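**Q** Return a 3D structure for these sequence lines:
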Amino acid sequence: MPSPRPLAAPAPAATRLRGLAGAVLAGLGLWLAGAPFQAQAQTHAELEALSQRWADAALRSDAGPQLPLRLQVKIGKLDTRLQLAACAKVEPYLPAGTRLWGRTRIGLRCLQGARAWNVFLPVTVQAFGPAWVLNNNVRLGDALTAGDASVAEVDWAEMDSPVVANQPDWLGSEAARHLQAGQALRQNMLRPPQLFAMGAPD
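**A** As a prediction, the model looks like this:
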């Protein structure tokens, strides 16, 4: 896979991050829907190499917008117990209900062979980009201040919960649980500030 382009300067990029993960997925979806990718493959190693080329092509596709995210894909291994018939035309595809993001899977199906088959193999897609990372521990219920986080490069796809990309979206919010230094701020870590103390009169 070719070397990724250098990441844009973090601070300016941090002000333009809203919705980028969704835009990446939308761009990949356009490519996957419109670009058949078929080849001959016989061995497990050839099938895995075909899958890597297919996924790499999706990430390089011009269908997606130019984003400050550095995308990488790691193809897993097929089950060594699988005995697949020789196939003259194999097609990788994205199974229904899945997305090319984080830990996922892709399918491989034989379109031209003595016996049809359909298998899946694990895939990990990483999306490195600027996000707000905690400088220190934050206790449950504490309100976050400007000094609690700074911009650093993280893997946006490492967890299902989206990153909180813009400072105004997390500044003043309360920690929904105990948070540790080094964690990237994500939506499920935060809650709106409570206007009244528990048990206080209205």
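**Q** Every contact and neighbour count from this point should use C-alpha atoms.
**A** Will do.
**Q** List the contacts of the most centrally placed residue in the chain.
**A** Per CA atoms, centre = their mean, the C-alpha nearest to the average position across the chain is that of Ala157, at 2.9 Å. For Ala157, the contacting residues are Trp101, Gly102, Val125, Gln126, Ala127, Phe128, by CA atoms under 8 Å, 6 or more residues apart in numbering.
**Q** Am I right that the last one falls within a strand?
**A** Same thing as Phe128. Yes - if the criterion is DSSP: H, G, I helix; E, B strand; the rest coil, then Phe128 is within a strand.
**Q** just to revisit the earlier point, the residue nearest to the centre of the chain and Thr98, how far apart?
**A** Relative to Thr98, Ala157 is positioned 14 Å away (criterion: CA to CA, to the nearest Å).
**Q** mind showing which ranges of this structure have poor pLDDT?
**A** Counting by pLDDT under 70, the low-confidence segments of the chain come to 1-41, 61-68, 195-202.
**Q** need the helices for it, in chain order.
**A** With DSSP state H as the definition, the chain shows helices at residue ranges 10-14, 20-34, 44-60, 167-170.
**Q** Leu190 - how many residues pack around it?
**A** Using other CA atoms under 10 Å as the criterion, Leu190 is surrounded by 23 other residues.
**Q** Contact partners for it?
**A** Listed by CA under 8 Å, 6+ apart, the contact partners of Leu190 are Trp170, Ser173, Glu174, Ala175, Ala176, Arg177.
**Q** if I read this right, the second one contacts Ala146, doesn't it?
**A** No - with contact defined as CA atoms under 8 Å, Ser173 does not count as touching Ala146 (11.0 Å).
**Q** between those two, who's got more neighbours?
**A** In terms of neighbours (other CA under 10 Å), Ser173 is the more surrounded of Ser173 and Ala146; the figures are 19 against 11.
**Q** Dihedrals phi and psi, that one?
**A** phi -70, psi 160 (degrees, to the nearest 10).
**Q** can you tell me how far it sits from Val164?
**A** Counting by CA to CA, the separation of Ser173 from Val164 is 11 Å.
**Q** And Leu84, by the same measure?
**A** 44 Å.
**Q** Next: Val90.
**A** Relative to Val164, Val90 is positioned 40 Å away (CA to CA).
**Q** Pick out whichever of these two has more residues nearby.
**A** In terms of neighbours (other CA under 10 Å), Val90 is the more surrounded of Val90 and Val164; the figures are 25 against 22.
**Q** How about that one: what's its closest non-neighbour residue?
**A** Computed as CA to CA, 6 or more residues apart in numbering, the closest residue to Val90 that is not its neighbour in sequence is Cys110, at 4.7 Å.
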